[in-house]
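Peer 1: here is a sequence with its predicted model. Questions after.
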Amino acid sequence: MGRQHWKKIWVGSAGNMVEWFDWFVYASFATYFAGAFFPSGNPTAQLMNTAGIFAVGFFMRPVGGWLLGRVGDRKGRKAALTLTVTLMSASAILIAVAPTYAVAGYGGALVLLVARLLQGLSVGGEYAASATYLTEASDPRRRGFASSFQYVSMTAGQIVGLGLLIILQRTMSDGALHSYGWRIPFVVGALGAAVVFYLRRSMLETEVYEEDTSHAEERGTLRALWRHRREAFLVVALTMGGTVAYYTYTTYLTKYLSNSAGLSKQTATLVSFTALIVFACLQPLAGALSDRIGRRPLLITFAVGSTVLTVPIMTLLKHAGGYWPALGLALLALVVVTGYTSINACVKAELFPTGVRALGVALPYAVANALFGGTAEYVALWFKKAGIESGFYWYVAGCAAVSVVVYVAMRETRDLDLARVRDRTDSSLTTAS
C-alpha cells in the first residue's frame, strides 16, 4: 500500500477517533453524571433516563445520514468529513457547560438532549463518510485491511475515553467525579475536534470520487438511492445483529459489570479498557484475512458465534466476580464480534456506485442503528428493571440469528471494482460491469 494511501487512511482515522471519543464518552461517563440531570432516586432509573437520551441521539442518525451522505456524494468525502467534526465539536461544548438539575431543573437535561441530537446528526454522516473514504482510498486488493481502521479508530476513541476515565478515577475522589469531573472529557473532545477540523481541511479527496462520471444532479439523491433499494435494505439487515452485539460488549459492558455483576466501577472500567485494546488490534488482522478468503466467511462466523455464545457469555459475566474472569469472557465476546466490525464498512461501501455510495451506506446504516444499536443499552436496562435481565441475552442472540440468514444469502463483494459498480434503474443486485 502506497504512502498516499496510508496518508489518507491516517487522516480519516484520526478524525474518526475523535468523533467516536465524543460519542462514546457520553456512555462511559454516564454512571457519574446520571444523577446530575435527573432527580435523586433509583440509580437504575437514572441510568435509564441517560440511556434514553443516548438512544435519542441514534434517532437523529438517519437525518444525519441523509443530509451528510448527500453532502458526501455531491460535494465530496472531504466536505462531509469536515462538516461532521464541526457538529461534534459543538455538541461536546454544550455537554461540558450544561447546568445540573439542582441549578436549572430539567433545563440541564434539555441541553443534554440538544447536544445528543447534534451528536447523532454528526455521527450519522461520519460513519458513512469515513467508511466510504477509507474504502475508496485503499488499494483495491487490501480494502478489507484498510477499511478495518474505521473500527480501529472508533475503538481507539473509546479506549482514550476509558483511559481518561481511569486516570480521573485514580486522581479524583468519587464525589468530585460526580460533581464536576465528568465534564472534563467533553472539554477534551471539543479541543480534539478542533485539531481534527484543521487536519481534515487539508486532506486529499479519493481518486474514485474525483474520477466519477455520473450525472452531478443525480448524486446523493433519494431518487438515485431508490434505484438501489435492495442494497439499502441489505445494509439494514446485515447491520442488525452486528450493531446490537457491538454496543452490548462495548458501551454497555462497563455498566453491566458494575450495575449487574457487582464489580466496582474502577474494575469494570479496567476490564473494558483492556478488552478494547485487544479488540482494536484484531481489526486489521481480520480485515486482511477477508482480503484473502472473502467477506462472507467472517460475517457468517460472527453471526453463528454470537447466536450460540451470547447467552452463556452474558450469564457467566454476571457471575464473573473479578477482573480476570470478566476480562476473559469479554475478550471471547469481542473476538466473535470482530467478524462483523472488521469488514462491515467495506462490505456496505462495495454494494453501491460512487455517485450514491455515501448516502447508500449512511441512511440505511443509520436507520438500523436507530432501531437496534442505539436502543440496546435501554433494552438491557428495561429487562433488568423488569426483573428478567436474561431476556436481553436472548434478544441479542435473536438479532444475531437473523443475521445468519442474511449473511448466508448475500453475495460476496471482495472482488468488485468500486469504479465500475454500475448505476441502474432496476432492483436487481448491483454487479460489476
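Peer 2: Structure received. Residues are numbered from 1 along each chain as shown.
Peer 1: how about the contacts made by V235?
Peer 2: 348, 351, 360-361, 364-365, 368 (C-beta atoms under 8 Å, 6 or more residues apart in numbering). The C-beta positions use only the backbone N, C-alpha and C, and glycine is treated the same way.
Peer 1: how about a cut-off of 10 Å?
Peer 2: Taking C-beta atoms under 10 Å, 6 or more residues apart in numbering as the criterion, V235 is in contact with 128, 228, 344, 347-349, 351-352, 360-368.
Peer 1: mind checking how far the spatially most central residue of the chain is from T341?
Peer 2: In the chain, the residue lying closest to the centroid (C-alpha atoms, centre = their mean) is M154, at 6.7 Å. For M154, the distance to T341 under the criterion C-beta to C-beta, to the nearest Å works out to 8 Å.
Peer 1: overlap in contacts of those two?
Peer 2: Taking C-beta under 10 Å, 6+ apart as the criterion, M154 and T341 both touch 246, 250, 280, 283.
Peer 1: so how far is S290 from the last one?
Peer 2: What it means is Q283. Remark: distance between Q283 and S290 (C-beta to C-beta) = 11 Å.
Peer 1: before we move on, what about the second one?
Peer 2: According to C-beta to C-beta, T250 and S290 sit 21 Å apart.
Peer 1: and if you look at T206?
Peer 2: T206 is 20 Å from S290, where distance means C-beta to C-beta.
Peer 1: three-state assignment of S122?
Peer 2: In three-state terms, and counting by DSSP: H, G, I helix; E, B strand; the rest coil, S122 is helix.
Peer 1: can you give me the strands for the stretch 301-433 of the chain?
Peer 2: In chain order, the stretch 301-433 of the chain shows no strands, with DSSP state E, counting those that start in this stretch as the criterion.
Peer 1: mind pulling up the pLDDT for the residue nearest to Y395 when sequence neighbours are not counted?
Peer 2: Distances taken as C-beta to C-beta, 6 or more residues apart in numbering place V379 nearest to Y395, at 6.3 Å, with adjacent residues excluded. pLDDT for V379: 93.
Peer 1: OK, contacts around V379?
Peer 2: 51, 55, 244, 248, 252, 372, 391-392, 395-396.
Peer 1: format the residues you listed as CSV; extra columns: pLDDT, neighbour count and distance to W23.
Peer 2: Below are the contacts of V379 laid out as CSV (pLDDT from 0 to 100; neighbours: other C-beta atoms under 10 Å; distance: C-beta to C-beta, whole Å):
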residue, pLDDT, neighbour count, distance to W23
A51, 70, 27, 14
A55, 71, 20, 13
V244, 96, 30, 17
T248, 95, 27, 16
Y252, 90, 22, 14
F372, 90, 23, 16
G391, 97, 14, 27
F392, 97, 26, 22
Y395, 97, 18, 23
V396, 97, 26, 21
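Peer 1: what's the closest of the residues you listed to S403?
Peer 2: Among the contacts of V379, V244 lies closest to S403 (C-beta to C-beta), at 9.2 Å.
Peer 1: which element is the closest one on?
Peer 2: For V244, the host element (DSSP states H and E) is helix 229-249.
Peer 1: moving C-terminal of that helix, what's the next helix or strand?
Peer 2: helix 253-259.
Peer 1: mean confidence score for that following helix?
Peer 2: What helix 253-259 shows for mean pLDDT is 91.
Peer 1: list the helices and strands that helix packs on?
Peer 2: Judged by 3 or more C-beta pairs under 10 Å, 6 or more residues apart in numbering; DSSP states H and E, the packing partners of helix 253-259 are helix 3-28, helix 30-37, helix 43-59, helix 229-249, helix 265-293, helix 296-318, helix 323-341, helix 376-385.
Peer 1: report the angle between the fourth one and helix 296-318.
Peer 2: Which is helix 229-249. 30 degrees (axes from the mean of the first three to the mean of the last three C-alpha atoms, to 10 degrees).
Peer 1: off-centre distance for helix 229-249?
Peer 2: The chain centroid and the centroid of helix 229-249 are separated by 11 Å, computed with C-alpha atoms, centre = their mean, to the nearest Å.
Peer 1: that helix vs helix 323-341, what angle?
Peer 2: Going by the same axes, to 10 degrees, helix 229-249 makes 170 degrees with helix 323-341.
Peer 1: buried ones in helix 229-249, by neighbour count?
Peer 2: 231-232, 234-249 (16 or more other C-beta atoms under 10 Å).
Peer 1: R414: what's it in contact with?
Peer 2: R414 is in contact with 140-141, 143-144, 290-296, 343, 346-347, 350, counting by C-beta under 10 Å, 6+ apart.
Peer 1: for this protein, give me the ranges with low pLDDT.
Peer 2: 1-2, 5, 39-48, 54, 422-433 (pLDDT under 70).
Peer 1: how about A419, what does it touch?
Peer 2: Contacts for A419 (C-beta under 10 Å, 6+ apart) come out as 136, 140, 207-209, 211-213, 353-354, 432-433.
Peer 1: my guess is A401 contacts V308. True?
Peer 2: Yes. If you go by C-beta atoms under 10 Å, A401 and V308 touch, sitting 9.4 Å apart.
Peer 1: between the two, which is the more surrounded one?
Peer 2: A count of neighbours by other C-beta atoms under 10 Å puts A401 above the other of A401 and V308, at 17 against 14.
Peer 1: now that one: closest residue in space that isn't a chain neighbour?
Peer 2: Excluding the flanking residues, the one nearest A401 by C-beta to C-beta, 6+ apart is T307, at 4.6 Å.
Peer 1: wait, doesn't that neighbour sit right on A400?
Peer 2: Yes. Assessed by C-beta under 10 Å, T307 is found in contact with A400 at 4.4 Å.
Peer 1: tell me which of the contacts of A419 fall in helices.
Peer 2: Counting by DSSP state H, the contacts of A419 place 136, 207-209 in helices.
Peer 1: distance to S122 for the helices and strands packed on helix 253-259 - can I get that in CSV?
Peer 2: As requested, the helices and strands packed on helix 253-259 are exported to CSV (distance: least, C-beta to C-beta, whole Å):
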stretch, distance to S122
helix 3-28, 7
helix 30-37, 19
helix 43-59, 10
helix 229-249, 18
helix 265-293, 22
helix 296-318, 27
helix 323-341, 20
helix 376-385, 19
